[in-house]
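# sequence? don't have it. structure:
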Ligand SMILES: [Zn+2]
(Lines give C-alpha, C1' and ligand atoms only; values in the text may rest on other atoms or scores of the structure.)
Protein backbone atom coordinates (compact mmCIF):
# COMPACT_ATOMS: atom_id res chain seq x y z
CA UNK A 1 0.00 0.00 0.00
CA UNK A 2 2.98 2.33 0.53
CA UNK A 3 3.91 2.63 -3.11
CA UNK A 4 0.79 4.48 -4.30
CA UNK A 5 1.14 6.95 -1.39
CA UNK A 6 4.71 7.74 -2.34
CA UNK A 7 3.71 8.06 -5.96
CA UNK A 8 0.86 10.30 -4.89
CA UNK A 9 3.22 12.49 -2.91
CA UNK A 10 5.60 12.67 -5.84
CA UNK A 11 2.74 13.55 -8.17
CA UNK A 12 1.52 16.24 -5.75
CA UNK A 13 5.01 17.70 -5.42
CA UNK A 14 5.42 17.63 -9.20
CA UNK A 15 2.10 19.37 -9.72
CA UNK A 16 2.93 22.02 -7.11
CA UNK A 17 6.31 22.54 -8.71
CA UNK A 18 4.64 22.70 -12.11
CA UNK A 19 2.09 25.23 -10.89
CA UNK A 20 4.85 27.39 -9.41
CA UNK A 21 6.82 27.20 -12.62
CA UNK A 22 3.98 28.26 -14.93
CA UNK A 23 2.78 31.01 -12.58
CA UNK A 24 6.08 32.88 -12.61
CA UNK A 25 5.45 36.64 -12.58
CA UNK A 26 6.25 38.58 -15.75
CA UNK A 27 5.69 41.98 -17.27
CA UNK A 28 5.80 43.40 -20.76
CA UNK A 29 6.46 46.93 -21.94
CA UNK A 30 5.12 47.72 -25.43
CA UNK A 31 5.44 50.96 -27.34
CA UNK A 32 1.96 51.59 -28.76
CA UNK A 33 3.17 54.67 -30.62
CA UNK A 34 6.55 56.24 -31.24
CA UNK A 35 5.82 59.41 -33.21
CA UNK A 36 7.46 62.48 -31.71
CA UNK A 37 5.15 65.48 -31.56
CA UNK A 38 2.19 66.34 -33.78
CA UNK A 39 3.78 65.56 -37.21
CA UNK A 40 2.84 62.39 -39.04
CA UNK A 41 5.28 59.97 -40.65
CA UNK A 42 4.58 56.70 -42.42
CA UNK A 43 1.66 55.69 -40.24
CA UNK A 44 3.47 55.82 -36.91
CA UNK A 45 1.04 56.04 -34.02
CA UNK A 46 1.20 58.84 -31.47
CA UNK A 47 3.04 58.41 -28.20
CA UNK A 48 1.97 55.67 -25.82
CA UNK A 49 3.27 52.76 -23.79
CA UNK A 50 1.36 49.70 -22.65
CA UNK A 51 2.65 48.02 -19.49
CA UNK A 52 1.19 44.64 -18.65
CA UNK A 53 1.82 42.50 -15.59
CA UNK A 54 0.77 38.99 -14.72
CA UNK A 55 2.23 35.54 -15.03
CA UNK A 56 2.99 32.95 -17.65
CA UNK A 57 -0.54 31.56 -17.44
CA UNK A 58 -2.18 34.84 -18.47
CA UNK A 59 0.58 35.94 -20.85
CA UNK A 60 1.73 38.61 -18.38
CA UNK A 61 -1.62 40.29 -18.96
CA UNK A 62 -3.62 40.31 -15.71
CA UNK A 63 -3.12 44.07 -15.22
CA UNK A 64 -3.06 46.41 -18.22
CA UNK A 65 -1.86 49.99 -17.89
CA UNK A 66 -1.70 52.45 -20.79
CA UNK A 67 0.60 55.47 -20.47
CA UNK A 68 -0.49 58.23 -22.88
CA UNK A 69 -2.84 57.60 -25.78
CA UNK A 70 -1.55 59.26 -28.93
CA UNK A 71 -3.10 59.04 -32.37
CA UNK A 72 -3.94 55.47 -33.38
CA UNK A 73 -3.56 53.83 -29.96
CA UNK A 74 -6.74 51.78 -30.53
CA UNK A 75 -5.27 50.33 -33.72
CA UNK A 76 -2.00 49.37 -32.05
CA UNK A 77 -3.85 47.76 -29.12
CA UNK A 78 -5.92 45.77 -31.59
CA UNK A 79 -2.71 44.47 -33.17
CA UNK A 80 -1.67 43.28 -29.71
CA UNK A 81 -5.03 41.63 -29.11
CA UNK A 82 -5.71 44.00 -26.20
CA UNK A 83 -9.31 45.29 -26.24
CA UNK A 84 -9.64 48.89 -25.03
CA UNK A 85 -12.33 47.60 -22.67
CA UNK A 86 -9.72 45.53 -20.84
CA UNK A 87 -7.43 48.42 -19.88
CA UNK A 88 -7.43 48.87 -16.10
CA UNK A 89 -6.00 52.37 -16.09
CA UNK A 90 -4.81 55.12 -18.41
CA UNK A 91 -2.11 57.50 -17.21
CA UNK A 92 -1.24 60.85 -18.74
CA UNK A 93 2.16 62.49 -18.70
CA UNK A 94 0.71 65.76 -19.99
CA UNK A 95 -2.08 67.39 -21.94
CA UNK A 96 -0.57 67.64 -25.41
CA UNK A 97 -2.54 66.23 -28.30
CA UNK A 98 0.25 63.94 -29.50
CA UNK A 99 -0.13 62.14 -26.15
CA UNK A 100 -3.89 62.37 -25.68
CA UNK A 101 -5.86 62.45 -28.93
CA UNK A 102 -6.37 58.68 -29.15
CA UNK A 103 -8.61 58.70 -26.06
CA UNK A 104 -11.77 59.85 -27.83
CA UNK A 105 -11.55 56.87 -30.16
CA UNK A 106 -10.72 54.48 -27.31
CA UNK A 107 -13.54 55.60 -25.06
CA UNK A 108 -16.12 55.77 -27.82
CA UNK A 109 -15.31 52.15 -28.65
CA UNK A 110 -15.50 51.19 -24.99
CA UNK A 111 -18.84 52.99 -24.64
CA UNK A 112 -20.23 51.42 -27.80
CA UNK A 113 -19.60 47.82 -26.72
CA UNK A 114 -18.85 48.06 -23.00
CA UNK A 115 -21.21 50.55 -21.43
CA UNK A 116 -21.91 48.05 -18.64
CA UNK A 117 -18.38 48.76 -17.47
CA UNK A 118 -16.10 48.61 -15.76
CA UNK A 119 -15.09 52.24 -15.83
CA UNK A 120 -11.47 52.93 -16.62
CA UNK A 121 -9.26 54.86 -14.22
CA UNK A 122 -7.77 57.99 -15.78
CA UNK A 123 -4.77 58.95 -13.68
CA UNK A 124 -3.23 62.37 -14.24
CA UNK A 125 -2.20 65.70 -12.78
CA UNK A 126 -4.71 67.93 -11.08
CA UNK A 127 -5.41 71.20 -12.91
CA UNK A 128 -2.13 73.00 -13.46
CA UNK A 129 -1.99 76.77 -13.87
CA UNK A 130 0.65 78.30 -16.08
CA UNK A 131 2.22 81.61 -15.07
CA UNK A 132 1.18 82.70 -18.59
CA UNK A 133 -2.47 82.52 -17.53
CA UNK A 134 -3.80 79.30 -19.03
CA UNK A 135 -4.71 76.09 -17.19
CA UNK A 136 -3.98 72.54 -18.25
CA UNK A 137 -6.85 70.30 -17.15
CA UNK A 138 -6.89 66.54 -17.54
CA UNK A 139 -10.16 66.50 -15.59
CA UNK A 140 -11.89 68.66 -18.20
CA UNK A 141 -10.26 66.73 -21.04
CA UNK A 142 -11.80 63.50 -19.73
CA UNK A 143 -15.15 65.07 -18.84
CA UNK A 144 -15.56 66.48 -22.35
CA UNK A 145 -14.07 63.60 -24.31
CA UNK A 146 -17.39 62.76 -26.00
CA UNK A 147 -18.66 66.30 -26.50
CA UNK A 148 -18.21 66.47 -30.28
CA UNK A 149 -20.23 63.26 -30.63
CA UNK A 150 -22.91 64.55 -28.28
CA UNK A 151 -23.11 67.85 -30.16
CA UNK A 152 -23.34 66.13 -33.55
CA UNK A 153 -26.37 64.23 -32.32
CA UNK A 154 -24.70 60.85 -32.72
CA UNK A 155 -24.95 60.02 -29.04
CA UNK A 156 -28.70 60.63 -28.93
CA UNK A 157 -29.14 58.52 -32.06
CA UNK A 158 -27.11 55.61 -30.70
CA UNK A 159 -28.80 55.79 -27.29
CA UNK A 160 -32.18 55.62 -29.01
CA UNK A 161 -31.20 52.33 -30.63
CA UNK A 162 -29.58 50.84 -27.53
CA UNK A 163 -30.72 52.09 -24.12
CA UNK A 164 -28.19 49.95 -22.25
CA UNK A 165 -25.53 52.48 -23.17
CA UNK A 166 -24.59 55.14 -20.65
CA UNK A 167 -26.56 58.36 -21.19
CA UNK A 168 -23.63 60.73 -20.73
CA UNK A 169 -21.54 59.18 -23.49
CA UNK A 170 -17.92 58.01 -23.21
CA UNK A 171 -17.08 60.35 -20.32
CA UNK A 172 -19.45 58.27 -18.14
CA UNK A 173 -16.95 55.41 -18.39
CA UNK A 174 -14.09 57.36 -16.86
CA UNK A 175 -13.02 57.45 -13.27
CA UNK A 176 -10.59 60.36 -13.07
CA UNK A 177 -8.01 60.18 -10.29
CA UNK A 178 -5.86 63.28 -10.09
CA UNK A 179 -2.76 63.95 -8.04
CA UNK A 180 -0.46 66.89 -7.50
CA UNK A 181 2.86 66.18 -9.21
CA UNK A 182 5.62 67.19 -6.81
CA UNK A 183 9.35 66.85 -6.37
CA UNK A 184 9.13 63.46 -4.67
CA UNK A 185 7.55 60.24 -5.95
CA UNK A 186 4.03 59.58 -4.67
CA UNK A 187 1.90 56.48 -5.12
CA UNK A 188 -0.92 57.25 -7.55
CA UNK A 189 -2.37 53.84 -8.41
CA UNK A 190 -2.09 50.22 -7.32
CA UNK A 191 -3.55 46.85 -8.17
CA UNK A 192 -2.47 43.70 -6.36
CA UNK A 193 1.31 43.43 -6.68
CA UNK A 194 1.51 46.42 -9.02
CA UNK A 195 2.35 49.86 -7.69
CA UNK A 196 2.52 53.05 -9.76
CA UNK A 197 4.28 56.15 -8.47
CA UNK A 198 4.57 59.57 -10.08
CA UNK A 199 6.75 62.63 -9.85
CA UNK A 200 6.36 66.11 -11.29
CA UNK A 201 8.71 66.90 -14.15
CA UNK A 202 9.20 69.84 -16.46
CA UNK A 203 7.86 70.14 -20.02
CA UNK A 204 4.54 71.98 -19.71
CA UNK A 205 2.53 72.66 -16.53
CA UNK A 206 1.15 69.45 -15.03
CA UNK A 207 3.73 67.18 -16.67
CA UNK A 208 4.32 63.99 -14.68
CA UNK A 209 6.55 60.94 -15.07
CA UNK A 210 5.63 57.48 -13.80
CA UNK A 211 7.22 54.35 -12.40
CA UNK A 212 5.63 50.91 -12.33
CA UNK A 213 6.96 48.41 -9.79
CA UNK A 214 6.04 44.75 -9.97
CA UNK A 215 7.58 41.50 -8.69
CA UNK A 216 8.79 40.90 -12.27
CA UNK A 217 10.60 44.22 -12.63
CA UNK A 218 10.17 47.94 -12.86
CA UNK A 219 9.78 50.50 -15.62
CA UNK A 220 9.88 54.30 -15.69
CA UNK A 221 7.82 56.23 -18.23
CA UNK A 222 9.49 59.61 -18.50
CA UNK A 223 7.16 61.21 -21.02
CA UNK A 224 8.48 64.42 -22.57
CA UNK A 225 10.35 65.46 -19.44
CA UNK A 226 13.30 67.81 -19.66
CA UNK A 227 15.55 69.59 -17.24
CA UNK A 228 14.10 72.22 -14.91
CA UNK A 229 16.52 74.73 -16.41
CA UNK A 230 14.88 75.59 -19.76
CA UNK A 231 18.19 76.05 -21.59
CA UNK A 232 21.96 75.75 -21.18
CA UNK A 233 24.10 76.26 -19.20
CA UNK A 234 22.94 73.17 -17.27
CA UNK A 235 24.41 69.79 -16.43
CA UNK A 236 21.98 67.81 -18.63
CA UNK A 237 18.85 68.12 -20.75
CA UNK A 238 17.29 65.29 -18.70
CA UNK A 239 15.03 65.73 -15.68
CA UNK A 240 16.50 65.39 -12.20
CA UNK A 241 13.06 64.26 -10.99
CA UNK A 242 12.93 61.47 -13.57
CA UNK A 243 16.42 60.46 -12.53
CA UNK A 244 15.26 60.29 -8.92
CA UNK A 245 12.25 58.20 -9.93
CA UNK A 246 14.38 55.89 -12.08
CA UNK A 247 16.96 54.87 -9.49
CA UNK A 248 17.40 51.11 -9.79
CA UNK A 249 14.58 50.69 -12.32
CA UNK A 250 15.10 47.96 -14.92
CA UNK A 251 13.69 49.89 -17.87
CA UNK A 252 13.47 53.56 -18.81
CA UNK A 253 11.03 54.54 -21.56
CA UNK A 254 11.60 58.14 -22.59
CA UNK A 255 10.79 60.66 -25.29
CA UNK A 256 13.92 61.51 -27.20
CA UNK A 257 15.37 64.21 -29.36
CA UNK A 258 18.53 63.61 -31.35
CA UNK A 259 21.34 66.14 -30.83
CA UNK A 260 21.36 66.71 -34.59
CA UNK A 261 18.27 68.93 -34.09
CA UNK A 262 20.20 71.25 -31.76
CA UNK A 263 20.56 75.00 -32.49
CA UNK A 264 24.26 74.44 -33.29
CA UNK A 265 23.35 72.17 -36.24
CA UNK A 266 21.27 74.51 -38.43
CA UNK A 267 18.05 72.51 -38.69
CA UNK A 268 16.04 75.62 -37.91
CA UNK A 269 14.20 73.63 -35.23
CA UNK A 270 13.01 76.12 -32.56
CA UNK A 271 15.56 76.13 -29.72
CA UNK A 272 12.96 76.34 -26.89
CA UNK A 273 11.28 73.17 -28.17
CA UNK A 274 14.63 71.43 -28.58
CA UNK A 275 15.68 72.40 -25.07
CA UNK A 276 12.49 71.15 -23.40
CA UNK A 277 13.09 67.56 -24.58
CA UNK A 278 15.77 65.13 -23.38
CA UNK A 279 18.52 64.29 -25.85
CA UNK A 280 19.37 60.69 -26.65
CA UNK A 281 22.93 61.16 -25.40
CA UNK A 282 21.84 62.73 -22.10
CA UNK A 283 19.29 59.92 -21.65
CA UNK A 284 22.12 57.43 -22.17
CA UNK A 285 24.10 59.18 -19.45
CA UNK A 286 21.08 59.20 -17.11
CA UNK A 287 20.35 55.50 -17.74
CA UNK A 288 23.97 54.72 -16.89
CA UNK A 289 23.74 56.67 -13.63
CA UNK A 290 20.47 55.05 -12.53
CA UNK A 291 21.66 51.53 -13.37
CA UNK A 292 18.95 50.79 -15.96
CA UNK A 293 19.32 47.57 -17.95
CA UNK A 294 17.19 48.78 -20.85
CA UNK A 295 16.66 52.20 -22.38
CA UNK A 296 13.65 52.39 -24.69
CA UNK A 297 13.83 55.53 -26.81
CA UNK A 298 10.45 56.63 -28.10
CA UNK A 299 8.67 59.76 -29.40
CA UNK A 300 11.73 60.08 -31.65
CA UNK A 301 12.49 63.55 -32.93
CA UNK A 302 13.16 63.09 -35.78
CA UNK A 303 11.64 59.72 -36.76
CA UNK A 304 14.11 57.21 -38.18
CA UNK A 305 14.22 57.53 -41.96
CA UNK A 306 12.41 60.89 -42.06
CA UNK A 307 13.97 63.64 -44.18
CA UNK A 308 12.27 66.26 -42.02
CA UNK A 309 10.77 66.81 -38.58
CA UNK A 310 7.60 68.62 -39.56
CA UNK A 311 8.91 71.51 -41.69
CA UNK A 312 12.47 71.26 -40.37
CA UNK A 313 15.09 69.41 -42.46
CA UNK A 314 17.45 66.98 -40.74
CA UNK A 315 21.04 68.22 -41.03
CA UNK A 316 23.05 65.49 -42.77
CA UNK A 317 19.94 63.59 -43.87
CA UNK A 318 17.64 61.00 -42.33
CA UNK A 319 18.75 59.27 -39.14
CA UNK A 320 19.11 55.52 -38.69
CA UNK A 321 18.59 53.24 -35.71
CA UNK A 322 22.32 53.23 -35.23
CA UNK A 323 22.45 57.04 -35.02
CA UNK A 324 20.17 56.86 -31.96
CA UNK A 325 22.02 53.91 -30.43
CA UNK A 326 25.32 55.68 -30.93
CA UNK A 327 23.98 58.83 -29.27
CA UNK A 328 22.93 56.82 -26.18
CA UNK A 329 26.33 55.14 -26.18
CA UNK A 330 28.06 58.51 -26.49
CA UNK A 331 26.30 59.43 -23.26
CA UNK A 332 27.98 56.44 -21.59
CA UNK A 333 25.15 53.88 -21.60
CA UNK A 334 26.43 50.35 -22.11
CA UNK A 335 23.13 48.54 -21.51
CA UNK A 336 20.50 47.57 -24.05
CA UNK A 337 19.20 50.53 -26.07
CA UNK A 338 15.98 49.87 -27.94
CA UNK A 339 15.22 52.52 -30.55
CA UNK A 340 11.46 52.64 -30.60
CA UNK A 341 9.23 51.41 -33.37
CA UNK A 342 5.48 50.89 -32.93
CA UNK A 343 4.73 47.61 -31.09
CA UNK A 344 8.35 47.03 -29.98
CA UNK A 345 8.06 44.96 -26.80
CA UNK A 346 10.36 44.16 -23.93
CA UNK A 347 9.59 41.32 -21.53
CA UNK A 348 10.82 40.97 -17.97
CA UNK A 349 12.22 38.54 -17.21
CA UNK A 350 13.47 37.87 -20.74
CA UNK A 351 12.19 34.58 -22.22
ZN1 LIG B 1 5.11 64.99 -27.10
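Perfect, I can see it now. These figures come from a predicted structure and were not determined experimentally.
# Give the ranges of residues in this structure that sit below the confidence cut-off.
Along the chain, segments meeting pLDDT under 70 span 1-22.
# Would you mind listing what in it touches the ion?
Selection of the chain residues close to the ion by CB under 5 Å from the ion yields 98, 224. Bear in mind the C-beta positions are built from the backbone N, C-alpha and C, glycine included.
# same thing but at 8 Å, please
With CB under 8 Å from the ion as the criterion, the chain comes near the ion at residues 36-37, 47, 94, 96, 98-99, 203, 223-224, 255, 299.
# where along this protein do the helices fall?
2-22, 73-80, 97-100, 103-114, 138-143, 147-151, 154-161, 240-245, 271-275, 280-290, 321-330 (DSSP state H).
# I figured residue 146 hits residue 155, correct?
Yes - between residue 146 and residue 155 there is a contact under CB atoms under 8 Å: 6.6 Å.
# which residues are common contacts for the two?
residue 169 (CB atoms under 8 Å, 6 or more residues apart in numbering).
# What's the nearest residue in the stretch 201-350 of the chain when you look at the ion?
The stretch 201-350 of the chain approaches the ion most closely through residue 224 (4.5 Å), counting by CB to the ion.
# check contacts around that residue.
Contacts of residue 224 by CB under 8 Å, 6+ apart are 93-94, 96, 99, 203, 207, 255, 276-277, 299.
# how much space between it and residue 165?
35 Å (CB to CB, to the nearest Å).
# Need the buried ones from the contacts of residue 224 selected in ChimeraX.
Selecting only the buried entries of these in ChimeraX, with 16 or more other CB atoms under 10 Å as the criterion:
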select :93,94,96,99,203,207,255,276,277,299
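# so what's the nearest residue to residue 164 once chain neighbours are set aside up against?
Closest residue to residue 164 apart from its sequence neighbours, by CB to CB, 6 or more residues apart in numbering: residue 115 at 5.9 Å. If you count contacts by CB under 8 Å, 6+ apart, residue 115 has them with 164-166, 172-173.
# Using CSV, lay out these together with distance to residue 123 and neighbour count.
Output for the contacts of residue 115, formatted as CSV (distance: CB to CB, whole Å; neighbours: other CB atoms under 10 Å):
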residue, distance to residue 123, neighbour count
164, 27, 7
165, 25, 21
166, 21, 18
172, 18, 15
173, 15, 26
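# Look up how far the ion lies from the residue nearest to residue 164.
Separation of residue 115 from the ion (CB to the ion, to the nearest Å): 31 Å.
# Can you pick out the most distant pair from the residues of the chain next to the ion?
Distance extremes for those: the farthest pair is 36 and 94 at 14.0 Å, using CB to CB.
# For the stretch 101-250 of the chain, which segments are assigned as strands?
For the stretch 101-250 of the chain, the strands defined by DSSP state E, counting those that start in this stretch occupy 120-125, 128-129, 135-136, 174-179, 186-191, 194-200, 208-214, 217-221.
# Tabulate these (CSV), appending distance to residue 241 and mean neighbour count.
As requested, the strands of the stretch 101-250 of the chain are exported to CSV (distance: least, CB to CB, whole Å; neighbours: other CB atoms under 10 Å):
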stretch, distance to residue 241, mean neighbour count
strand 120-125, 13, 24
strand 128-129, 15, 17
strand 135-136, 17, 16
strand 174-179, 14, 18
strand 186-191, 12, 16
strand 194-200, 5, 22
strand 208-214, 7, 26
strand 217-221, 11, 26
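# Nearest to residue 343, out of those strands?
Closest approach to residue 343 among these is made by strand 217-221 (16.4 Å; CB to CB).
# which neighbours does that closest one have in its sheet, and in what orientation?
According to DSSP bridges, strand 217-221 has the following sheet partners: strand 208-214 (antiparallel), strand 251-257 (parallel).
# Contacts only, for residue 324.
256, 258, 280, 297, 300, 304, 337, 339.
# Only whichever of the residues you listed are buried, select them in ChimeraX.
To isolate the buried subset of the contacts of residue 324 in ChimeraX, counting by 16+ other CB under 10 Å, use the following:
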select :256,258,280,297,300,304,337,339
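# Make a markdown table from the contacts of residue 324 and add distance to residue 54 to it.
Below are the contacts of residue 324 laid out as a markdown table (distance: CB to CB, whole Å):
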| residue | distance to residue 54 |
| --- | --- |
| 256 | 29 |
| 258 | 35 |
| 280 | 32 |
| 297 | 26 |
| 300 | 29 |
| 304 | 31 |
| 337 | 27 |
| 339 | 27 |
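# excluding its backbone neighbours, what's nearest residue 62?
For residue 62, the closest residue by CB to CB, 6+ apart turns out to be residue 54, at 3.4 Å.
# Return the set of residues that bridge with that neighbour.
Bridge pairing for residue 54 - DSSP bridges - gives residue 26.
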